[in-house]
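Novice: quick one: sequence plus predicted model below, questions after.
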Number of protein chains: 2
Amino acid sequence: MTDTNWQEQLRRGTLELAVLLSVAPAPSYGLEIIRHLEFADLVLTEGTIYPLLARLERDGLLDARWVEGQGPRARKYYQLTPSGRARMKKMAQEFRAIAHGMEEMIATVIGDER
Amino acid sequence: MTDTNWQEQLRRGTLELAVLLSVAPAPSYGLEIIRHLEFADLVLTEGTIYPLLARLERDGLLDARWVEGQGPRARKYYQLTPSGRARMKKMAQEFRAIAHGMEEMIATVIGDER
DNA sequence: TCTTATACCTTGTGACACAAGGTATAAGCT
DNA sequence: AGCTTATACCTTGTGTCACAAGGTATAAGA
């Protein structure tokens, strides 16, 4: 019903990869990841990030540790596990394949108009 | 649970665009669209395509008409409406933007390794 | 006549993004 | 001291959706 629903659907799946990429260089926490991705034009809310982080931790792709004294409240820093890094690479590869295929279809059907 | 769940998520949203692109050059029907996309490495089942086509028709992005005599059973051919063509272009644009942003993140974090 | 291929559809399930709420703490302002 | 704001995490409820697994119908060939 919401007219921007298809945009949400388009982002789906990429969010998980984006979060993995976010914590790859250095451990980070919920709100910081949101701000980081917002910078990259990927808007998500707390209702999205926290369940997502919890899921990634549950699945062994991320490790978490509490750090206090750096803000009003303790921060939960997440970092990649080896398994998380492997998944990130696989997802990046898959994303590239899909993007390439779609780009080809788009170019064929619509042309290269920007 | 399923280990390939993230792949399903990655495809989400792209499916709708892929279907719109499929019927853009010429009207097509369910099974033919499946075979066409399979050719482009996008695998989807009948349990996916028929609800999707029904949704796109319900939302006024596709028009349908029955055609008999070309197969064992009547085929339901779908074609783009003007509104569907507009949506397709918007989605293609959005997809390119997302893909570009993701590609940048991937290149920064992982590098350009293939 | 029986099987196979084609073609459409439905129901049930699980995953998940998001809105809308909530809790807790520290710092700054009045 | 009280009040507000910003930070930070979390939960519940809702709607959407991809897919598996089933079903129905028809025509052609073995």
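Specialist: Nice, thanks for sending it over.
Novice: show me what from chain A comes close to DNA strand C.
Specialist: Counting by C-beta under 7 Å from any atom of the strand, chain A comes close to DNA strand C at A:8, A:11-13, A:15-16, A:43-48, A:51-52, A:55, A:72-73. Glycine gets a C-beta too; all of them are placed from N, C-alpha and C.
Novice: report the buried members of the residues you listed.
Specialist: By neighbour count, with 16 or more other C-beta atoms under 10 Å in any protein chain shown, these hold A:11-13, A:15-16, A:44, A:52 as buried.
Novice: for these, which two are the farthest from each other?
Specialist: For these, the maximum inter-member distance is 12.8 Å, found between A:Gly13 and A:Leu44 (C-beta to C-beta).
Novice: most centrally placed residue in chain A?
Specialist: Geometric centre of chain A, nearest residue: A:Ala18, 2.5 Å, by C-alpha atoms, centre = their mean.
Novice: contacts for stretch A:76-96, please.
Specialist: Contacts to stretch A:76-96, defined as C-beta atoms under 8 Å, 6 or more residues apart in numbering or on different chains, come from residues A:14, A:16-17, A:20-21, A:23-24, A:26-30, A:33, A:53, A:56-57, A:60-67, B:6-7, B:10, B:102-103, B:106, B:110.
Novice: per-residue confidence averaged over the one helix or strand A:Ala64 maps to?
Specialist: Element membership for A:Ala64 (DSSP states H and E) is strand A:62-67. Across strand A:62-67, pLDDT averages out at 96.
Novice: go through the helix or strand following that strand and flag the buried ones.
Specialist: Remark: after strand A:62-67, the chain's next helix or strand is strand A:75-80, criterion DSSP H and E. Along strand A:75-80, these residues count as buried under the neighbour rule (16+ other C-beta under 10 Å): A:75-78, A:80.
Novice: now the helix or strand A:Gln93 falls within and strand A:75-80, what's the angle there?
Specialist: Using DSSP H and E, A:Gln93 sits within helix A:82-109. Angle of helix A:82-109 versus strand A:75-80, following axes from the mean of the first three to the mean of the last three C-alpha atoms, to 10 degrees, is 70 degrees.
Novice: what about helix A:82-109 and DNA strand D, touching?
Specialist: No: taking C-beta under 7 Å from any atom of the strand as the criterion, helix A:82-109 and DNA strand D are apart, separated by no less than 11.8 Å.
Novice: how far out from the middle of the chain is that helix?
Specialist: Remark: helix A:82-109 is offset 14 Å from the chain centroid, using C-alpha atoms, centre = their mean, to the nearest Å.
Novice: could you give me the average pLDDT of it?
Specialist: Averaged across helix A:82-109, the pLDDT comes to 95.
Novice: what residues does chain A put near DNA strand D?
Specialist: So chain A meets DNA strand D at A:1, A:5-6, A:9, A:29-32, A:46-47, A:50-51, A:53-54, A:70-76 (C-beta under 7 Å from any atom of the strand).
Novice: what about A:Asp59, how many neighbours?
Specialist: 15 (other C-beta atoms under 10 Å in any protein chain shown).
Novice: oh, that last question was meant for A:Ala74, not what I typed.
Specialist: So A:Ala74, with other C-beta under 10 Å, has 12 neighbours.
Novice: backbone phi and psi for it, please?
Specialist: For A:Ala74, the backbone dihedrals (degrees, to the nearest 10) come out as phi -60, psi 140.
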